[in-house]
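> how does the following fold in three dimensions:
(2 chains)
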Protein chains: 2
Amino acid sequence: MSLDPELSARLKRNDAGLVCAVVVEHATGDVLMVAWMNDEALERTLATRRGTYFSRSRNELWVKGETSGHVQHVREVRLDCDGDTVLVRVDQTGPACHTGTHSCFDSAERLLLADES
Amino acid sequence: MSLDPELSARLKRNDAGLVCAVVVEHATGDVLMVAWMNDEALERTLATRRGTYFSRSRNELWVKGETSGHVQHVREVRLDCDGDTVLVRVDQTGPACHTGTHSCFDSAERLLLADES
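Numbering: from 1, shown residues only, chains lettered A, B, ... in the order given. So this is what the prediction gives:
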């Protein structure tokens, strides 16, 4: 498998060959997590509709939920205006965060500035 | 002004000293854009409630809407589980994207994979 050449030409990868992936839950609209994709991760995500990323710490492809079971069925993928970020809309099974919370932004101590209203 | 030391210690900056900022519109829940923040951009965002970022292309601090008028009033900021991304909830004045669309993910040609349902 390889990425569609037309799509490939539109990607603006960082120095490590990656684009940013913002993952949103379809049912709630919640931003679940932010991860990274190389060409292969994006190609596999589009082909399989399984959320697939590139782990910068492990330096390898990573199918979300492969070990935890907390998989993502991908409903939609959009590229942003300058080609360096994709927005991935998913149905999330179980918690998205490895800490066990629904999203990676959930716990109270992650709040830096409270809504004033 | 400088960033709170306790917060600073929790940030996992990339090689360029930046964290990723995912910007969500409060009223709609739409992901508007993805940008980057250095310590000063985050500190100013928290202190002024104006969406403030670091431009990697211009290599300078950038108050969103400073020239266009399309400013962001920041309602809430959250850090993610590993400290390399902030989720910024805003009231957006005008279009968020420099191309004139509501969000940076809006136009039809940015759709890579359509919702199958």
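> chain center to the helix or strand hosting A:Glu6: distance?
Of the helices and strands defined by DSSP states H and E, A:Glu6 is found in helix A:5-10. Here the centre of helix A:5-10 is set off from its chain's centre by 19 Å, with C-alpha atoms, centre = their mean, to the nearest Å.
> now do the helices in chain A.
Counting by DSSP state H, one finds helices in chain A at the ranges A:5-10, A:39-48.
> just so I know, which of these lies nearest chain B?
helix A:39-48 (5.1 Å; C-beta to the nearest C-beta). Heads up, the C-betas are built off the backbone N, CA and C, glycines and all.
> ok, residues contacting that closest one?
Around helix A:39-48, the neighbours that count as contacts under C-beta atoms under 8 Å, 6 or more residues apart in numbering or on different chains are A:1-3, A:7-8, A:11, A:13, A:17, A:19, A:37, A:50-54, A:61-63, A:74, A:77, A:86, A:88, B:112-113.
> shaky segments in chain A?
Of all residues in chain A, those with pLDDT under 70 make up the ranges A:1, A:117.
> quick one, strands of it?
Secondary structure of chain A (DSSP state E): strands located at A:19-25, A:31-37, A:52-55, A:60-63, A:72-79, A:85-92, A:111-113.
> would a markdown table of those strands with distance to B:Thr99 and mean neighbour count be doable?
What follows is the strands of chain A, written out as a markdown table (distance: least, C-beta to C-beta, whole Å; neighbours: other C-beta atoms under 10 Å in any protein chain shown):
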| stretch | distance to B:Thr99 | mean neighbour count |
| --- | --- | --- |
| strand A:19-25 | 18 | 23 |
| strand A:31-37 | 22 | 24 |
| strand A:52-55 | 27 | 21 |
| strand A:60-63 | 32 | 15 |
| strand A:72-79 | 13 | 22 |
| strand A:85-92 | 14 | 23 |
| strand A:111-113 | 28 | 17 |
